[in-house]
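Enquirer: No sequence on hand, only this structure:
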């Protein structure tokens with residue numbers, strides 16, 4: 001029984017050592033690819049290393065986040081950095097993670113969130129001059145962005161007001177035109193009425209008048 005248990009223990013140890021070696025090998029190869037700027041290949045090797053739970057997981061995950069960042073996948077990098085944050089890490093390491101998270105937001109021009117991340121980095125490591133510089137820059141860009149947004153909003157408001165004024169002017173012109181048309185129609189109606197009335201009066205007058213021939217005949221008959 002002791003021999004079987006010992007053999008089983010040795011098998012576990014051997015398997016663990018092999019996994020650790022494979023994980024370390026993938027991390028090393030991933031680092032080589034990263035230095036060659038082959039970021040897709042590096043990310044694949046780091047992921048392969050993470051398939052085996054070993055002591056190199058943190059390094060593999062951190063380097064994976066760096067590869068994603070270099071490859072332009074800022075959201076993926078940010079999620080990977082964030083997954084490494086925990087209370088067991090020392091302040092300097094957590095500060096570096098927040099700093100990198102701030103960098104991903106900066107690349108996306110999300111200056112508000114980058115400011116928050118850099119502030120977290122400085123709270124954990126007040127001596128981080130890189131984070132301090134990036135925080136200052138992010139604050140400047142945030143202020144500029146907010147001013148631009150305000151200017152755009154003002155321009156949009158002015159344009160909306162101008163559009164409303166133009167629409168009102170067009171409506172007023174249309175109303176005036178309609179009113180003029182109605183007046184012309186009413187005037188024409190009155191003129192037609194007068195013409196009809198004059199014509200009727202003329203016809204009645206002609207009806208009542210006696211021609212000179214008829215008057216002579218009437219006088220002869222008398």
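Expert: That came through, no problem. This one's a predicted model, so the numbers in the text were calculated from it and none came from an experiment. Numbering: from 1, shown residues only.
Enquirer: does residue 109 sit in a helix, a strand or a coil?
Expert: Secondary structure, DSSP: H, G, I helix; E, B strand; the rest coil: residue 109 is coil.
Enquirer: Count the residues that sit near it.
Expert: Other residues near residue 109 number 10, with proximity taken as other CB atoms under 10 Å. From N, CA and C alone the C-beta is placed, and that goes for glycine too.
Enquirer: One more: the one 4 residues further on?
Expert: Taking other CB under 10 Å as the neighbour definition, residue 113 ends up with a count of 17.
Enquirer: Touching, it and residue 104? I think so.
Expert: No - using CB atoms under 8 Å, residue 113 is not in contact with residue 104, being 9.1 Å away.
Enquirer: Tell me how far residue 113 lies from residue 158.
Expert: According to CB to CB, to the nearest Å, residue 113 stands 31 Å off from residue 158.
Enquirer: repeat for residue 199
Expert: Separation of residue 199 from residue 158 (CB to CB) stands at 61 Å.
Enquirer: go on, residue 151?
Expert: Residue 151 is 11 Å from residue 158, by CB to CB.
Enquirer: How about residue 60?
Expert: From residue 60 across to residue 158, the span is 55 Å (CB to CB).
Enquirer: Now the top helix by length along the chain: average pLDDT?
Expert: The residue-count maximum for a helix in the chain (DSSP state H) belongs to helix 129-208. Throughout helix 129-208, pLDDT has a mean value of 82.
Enquirer: tell me which element the nearest residue to residue 63 once chain neighbours are set aside falls in.
Expert: In space, and not counting its chain neighbours, residue 63 is closest to residue 46: 5.3 Å by CB to CB, 6 or more residues apart in numbering. Take DSSP states H and E as the rule and residue 46 turns out to sit in helix 39-50.
Enquirer: So what's the gap between that helix and the chain middle?
Expert: 32 Å (CA atoms, centre = their mean, to the nearest Å).
Enquirer: following that helix, which helix or strand comes up?
Expert: helix 57-70.
Enquirer: ok, and for that following helix, which residues are buried?
Expert: For helix 57-70, the buried set under the neighbour-count rule, 16 or more other CB atoms under 10 Å, comprises 59-69.
Enquirer: Mind checking the pLDDT average for the next helix-or-strand element following that helix?
Expert: Downstream of helix 57-70, the next assigned helix or strand under DSSP H and E is helix 74-83. For helix 74-83, the mean per-residue pLDDT is 96.
Enquirer: So which other helices or strands are in contact with helix 74-83?
Expert: Helix 74-83 sits against helix 57-70, helix 91-107, with contacts defined as 3 or more CB pairs under 8 Å, 6 or more residues apart in numbering; DSSP states H and E.
Enquirer: The shortest one versus helix 74-83: what angle between them?
Expert: So that's helix 57-70. Interaxial angle, helix 57-70 versus helix 74-83 (axes from the mean of the first three to the mean of the last three CA atoms, to 10 degrees): 160 degrees.
Enquirer: So which elements touch helix 57-70?
Expert: Partner elements for helix 57-70 (3+ CB pairs under 8 Å, 6+ apart): helix 2-35, helix 39-50, helix 74-83, helix 91-107.
Enquirer: how distant is it from the center of its chain?
Expert: With CA atoms, centre = their mean, you get 29 Å for helix 57-70.
Enquirer: average pLDDT across it?
Expert: For helix 57-70, the per-residue pLDDT averages 96.
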